[in-house]
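K.L.:
Pasting the sequence and the predicted coordinates here, then a few questions.
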Amino acid sequence: MGGDIVDSQGAALAAAGTPVLEGVPQQLAEVMDRLAIVTAGIARRIARGGIDEQLGGGVGTNADGDGQKALDVIADDAFCAALAGTAVRFYASEEQEVAVTLNPEGDLALAIDPLDGSSNIDANVSIGTIFGIYPAEDTPESSFLRPGSDLIAAGYAIYGPQCCLVASFGAGVLKWVLDPETAAWVLVARGLTVAPSSSEFAINASNYRHWPAPVRAYVDDCVAGADGPRGQNFNMRWVASLVAETHRILTRGGVFLYPRDDRKGYAQGRLRLVYECAPIAFVITQGGGSATDGEQPILARVPAHLHDRTPFVFGSSEKVARITAYHDLPERESSALFGKRGLFRS
Ligand SMILES: O=P(O)(O)OC[C@H]1O[C@](O)(COP(=O)(O)O)[C@@H](O)[C@@H]1O
Ligand SMILES: [Mg+2]
Ligand SMILES: [Mg+2]
């Protein structure tokens, strides 16, 4: 199962019929266990990176034109192999052009970003895996080209100082920690929530000059701090790993923005609706936070194609609502100097 990325402890448990993960609904138990087993194997392989292989080395480009690192391909192969023979009928990966049929009798359709944040592999900064599970329909198109509100499960693994799995099955957000002493997954939380407000925002500010006016206006007002219309100071973070930003926001609140911008190829932002934004939106919404494309809820968006991208804003509800309000401002208001803006002047 999963080539050479298999956690032997997890595989032995599964072979003995013992659940690897506690707290998973029966319908999803085998699939979640296999995801957990591969995740533990990837975590161990990352920890050994550079000893006998270079996981961050470039190996080509995927069908979508993105550069692929060795670990992107290793992780994709491992998840795909591990899910063969389970209830997963269709496997749709960010790294593959079309969805793979794994089990024609299966009743689940799994979308995956096998390795998220790949620019951070060599830098030893947190990276992850993102997944979403739908009920399978007759074809890959009808299974995946639907609103994220149809998801029955979604979550992510984070390969960081601590390896965690975070998932929702539609009734709150659960978190497991991989115990490095025993190699067992331990359920540590059942009801993770997103703080309703916060003074942190996350955006790649190097693209400032390319952003739409409402995003520039929002960030201008945050950066102006106590001297601007918001009348309070803010802090900024940018990890460049969506999983790491999500994990921080689930831990202490905040807001994340990856807007559309004027650069070639960024008319719909950077992040993929099916593999990244819908699953993260599902988890964040289950935790009481919000997720939009700047204006509309992400979970209502229906992709036209598997690899569609979308602007993405998510996090503490109060902040996401405020960003939507900036998008509703008249153009002359959102492009005005921050001190002149009426709506949010304190
Ligand atoms: O380098 P940028 O433009 O800041 O983009 C960073 C974003 O790109 C991503 O790395 C895209 O994911 P992949 O690594 O799976 O392609 C996100 O994790 C992250 O939020
Ligand atoms: Mg990604
Ligand atoms: Mg990826």
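P.N.:
In hand now; what should we look at? Residues are numbered from 1 along each chain as shown. Ligands and ions are numbered 1, 2, ... in the order given.

K.L.:
all contacts plus neighbour counts: C-alpha atoms, from now on.
P.N.:
Will do.

K.L.:
Output the longest helix belonging to the protein.
P.N.:
Ordering each helix of the chain by length in residues (DSSP state H) puts helix 29-47 first.

K.L.:
Packing partners of it?
P.N.:
Where contact means 3 or more C-alpha pairs under 8 Å, 6 or more residues apart in numbering; DSSP states H and E, helix 29-47 is packed against helix 8-15, helix 70-83, strand 163-168.

K.L.:
mind saving the C-alpha coords of the first one as CSV?
P.N.:
Think helix 8-15. C-alpha atoms of helix 8-15 as CSV (Å, rounded to 0.1, in the frame of the first residue of the first chain):
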residue,chain,number,x,y,z
SER,A,8,4.5,0.3,9.3
GLN,A,9,2.8,0.8,12.7
GLY,A,10,-0.3,2.2,11.1
ALA,A,11,-0.3,-0.5,8.4
ALA,A,12,0.0,-3.2,11.1
LEU,A,13,-2.9,-1.8,13.0
ALA,A,14,-5.1,-1.6,9.9
ALA,A,15,-4.2,-5.1,9.0
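
K.L.:
re earlier: and among the helices and strands packed on helix 29-47, the most buried is which?
P.N.:
strand 163-168 (a mean of 25; mean count of other C-alpha atoms under 10 Å).

K.L.:
What residues does the protein have near ligand 1?
P.N.:
Contact residues (C-alpha under 6 Å from any ligand atom) of the chain with ligand 1: 113, 115, 116, 117, 118, 204, 240, 241, 242.

K.L.:
unless I'm mixing things up, the last one is touching residue 119, no?
P.N.:
No: if you go by C-alpha atoms under 8 Å, residue 242 and residue 119 don't touch, sitting 11.4 Å apart.

K.L.:
Settle it for me: which of these two has more neighbours?
P.N.:
Comparing residue 242 with residue 119 by other C-alpha atoms under 10 Å, the one with more neighbours is residue 242, at 25 against 16.

K.L.:
list the contacts for residue 308?
P.N.:
Shown in contact with residue 308 (C-alpha atoms under 8 Å, 6 or more residues apart in numbering): 272, 273, 274.

K.L.:
how about the residues of the stretch 101-250 of the chain that lie near ligand 3?
P.N.:
113, 115, 116 (C-alpha under 5 Å from the ion).

K.L.:
What count of nearby residues applies to the last one?
P.N.:
It refers to residue 116. Neighbour number of residue 116 under other C-alpha under 10 Å is 27.

K.L.:
Quick check: it vs residue 275, distance?
P.N.:
Applying C-alpha to C-alpha, to the nearest Å, the value for residue 116 to residue 275 is 10 Å.

K.L.:
Ok, residue 128 next?
P.N.:
12 Å.

K.L.:
Then residue 219?
P.N.:
Distance of residue 219 to residue 275, given as C-alpha to C-alpha: 27 Å.

K.L.:
same check, this time on residue 46
P.N.:
22 Å.

K.L.:
Looking at these two, which one has more neighbours?
P.N.:
A direct count of neighbours by other C-alpha under 10 Å for residue 46 and residue 275 places residue 275 higher, at 27 against 21.

K.L.:
you'd agree the more buried one is up against residue 133?
P.N.:
No: here residue 275 lies out of contact with residue 133, judged by C-alpha under 8 Å, at a distance of 10.2 Å.

K.L.:
Need the overlap of contacts for the two.
P.N.:
residue 111.

K.L.:
For the closest residue in space to residue 232 that isn't next to it in sequence, which three-state class applies?
P.N.:
Excluding the flanking residues, the one nearest residue 232 by C-alpha to C-alpha, 6 or more residues apart in numbering is residue 226, at 4.0 Å. Assigned with DSSP: H, G, I helix; E, B strand; the rest coil, residue 226 falls in the helix class.
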